[in-house]
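Undergrad: test case, fold it:
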Amino acid sequence: MSELVVRLSEDGGVNPLWGEGIALRDKYPSEIVLDLRAIVFIDPITLIRMRGLIDVACATGCAIEILSPRGSLMRNYLEWMRLGADLPTNCTSDLETLDSPNSSKVLIPVTRLGSTTDVTELERVLEDLYLAYFEGPLALLADAFTRTIGEISDNATTHGKSPVGGAYVAAQRYSNKRCVIAVGDLGIGIADHMAQAYAGLDDETAIRLATKEGKSGTGDPQRGFGYQYVIDGIKDARIKSGELRIWSGHSRFRLLAQDGVQARRRAWAIDESTKGTWVRVELVGQ
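TA: Just a heads-up that it's a prediction; the model follows:
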């Protein structure tokens, strides 16, 4: 196959595009077309996966063309989210990079983290955002999310083994009561990371273990609290709804809590694999 067309539908960010529509692998065709012309909405997890696809595919020599949204609102949003910033030379796009107005509710545009210094700066930015935008029960999650995103991002920048390395983050506030934070990397993935301390795990068992307190591929009982921090934070804050989703390798994980009570927790395996680890957290206040 010499060309692959990835065409996002009009709903733009919902499953299966969260995890399955934008394939992240080690091999790609010579050309990819990212057709965004029809979208009217796009989720932060889709944005960072798209940027990851651009970077890892272009690193293999693939040429990518981005077809921009027809609608001016979606085009402006992608420019505010900086999807087209610092693109590889073999990726063509007419998207500009613009500063977002306060009315856009962009919390964090698509950002690439390449070092622990970048992670530290991200934690500082997150703390400022929580103070500015999180009120009531959501404010109780500030510490949990700062720790979680910091640990996920640190793992990505420390353990990432891909041609481009690093991690990606983006966040969007849709109202004073709802926000979405997405973090992802193109590294070794949860199963390979956990295998450093727990040999013989399949992908589903690895992701199930990784979401338990104190379980990490480092073998250090003082690490591995990131996912549990956010899970506990969602429950303790007693917000209307909180959801954690993780995609890594052949495994998926989802936790849903409502009014401080765990409503669903599930890990499962799928046939299609995705490169690295991708995390989406959604919070809905009262």
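Undergrad: helix, strand, or coil at the closest residue to residue 106 other than its chain neighbours?
TA: Excluding the flanking residues, the one nearest residue 106 by Cβ to Cβ, 6 or more residues apart in numbering is residue 100, at 4.2 Å. Just so you know, the C-beta spots here come from the backbone N, C-alpha and C atoms, and that holds for glycine as well. With DSSP: H, G, I helix; E, B strand; the rest coil as the basis, residue 100 sits in coil.
Undergrad: dump the residue contacts of residue 100.
TA: Contact analysis of residue 100 by Cβ atoms under 8 Å, 6 or more residues apart in numbering lists 80, 81, 106, 109.
Undergrad: where's it relative to residue 107, distance?
TA: 10 Å (Cβ to Cβ, to the nearest Å).
Undergrad: any idea how far whichever strand or helix holds residue 129 is from the chain center?
TA: Element membership for residue 129, per DSSP states H and E: helix 116-133. The chain centre lies 16 Å from the centre of helix 116-133; the measure is Cα atoms, centre = their mean, to the nearest Å.
Undergrad: same thing with stretch 32-46?
TA: 15 Å.
Undergrad: now it: buried residues?
TA: For stretch 32-46, the neighbour count (16 or more other Cβ atoms under 10 Å) marks 32, 34, 36, 38, 39, 42, 43, 44, 45, 46 as buried.
Undergrad: same question, stretch 250-265
TA: 250, 251, 252, 253, 255, 256, 257, 258.
Undergrad: tabulate the residues you listed in CSV, adding columns for secondary structure.
TA: Shown next, in CSV, are the buried residues of stretch 250-265 (three-state DSSP):
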residue, secondary structure
250, strand
251, strand
252, strand
253, strand
255, strand
256, strand
257, strand
258, strand
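Undergrad: strand partners (parallel or antiparallel) of the helix or strand where residue 267 lies?
TA: Residue 267 belongs to strand 261-284 when assigned by DSSP H and E. Here strand 261-284 has these sheet partners by DSSP bridges: strand 178-185 (antiparallel), strand 241-258 (antiparallel).
Undergrad: circling back: and the residue nearest to residue 106, what pLDDT?
TA: Note on residue 100: pLDDT of 76.
Undergrad: could you do residue 158 as well?
TA: Reported pLDDT for residue 158: 65.
Undergrad: try residue 149
TA: Per-residue confidence (pLDDT) for residue 149: 66.
Undergrad: ok, residue 64 next?
TA: pLDDT, residue 64: 94.
Undergrad: which one is it nearest to, not counting chain neighbours?
TA: According to Cβ to Cβ, 6+ apart, the nearest residue to residue 64 is residue 91 (4.3 Å).
Undergrad: surely that neighbour is in contact with residue 61?
TA: No - at 11.9 Å, residue 91 does not count as touching residue 61 under the criterion of Cβ atoms under 8 Å.
Undergrad: with neighbour numbers in mind, choose between these two.
TA: When residue 91 and residue 61 are compared for neighbours, residue 91 comes out ahead with 18 against 9, by other Cβ atoms under 10 Å.
Undergrad: which residues sit in contact with the more buried one?
TA: Shown in contact with residue 91 (Cβ under 8 Å, 6+ apart): 54, 58, 63, 64, 65, 66.
Undergrad: I figured the third one hits residue 90, correct?
TA: Yes - proximity of residue 63 to residue 90 meets the contact threshold set by Cβ under 8 Å, at 4.8 Å.
Undergrad: so what sits against both of those two?
TA: Common neighbours of residue 63 and residue 90 (Cβ under 8 Å, 6+ apart) do not exist.
Undergrad: hang on, the earlier thing: and of the strands paired with strand 261-284, who's closest to residue 128?
TA: Residue 128 sits nearest to strand 178-185 of all the strands paired with strand 261-284, at 14.3 Å, using Cβ to Cβ.
Undergrad: so where is the stretch 151-286 of the chain shaky, pLDDT-wise?
TA: Where the stretch 151-286 of the chain drops to pLDDT under 70, the residues are 151-165, 176, 213-226, 237, 286.
Undergrad: if we can go back for a sec, farthest-separated two in the buried residues of stretch 32-46?
TA: 32 and 44 (21.2 Å).
Undergrad: what's the local residue count around residue 232?
TA: Residue 232: 14 neighbours (other Cβ under 10 Å).
Undergrad: what of residue 89?
TA: 7.
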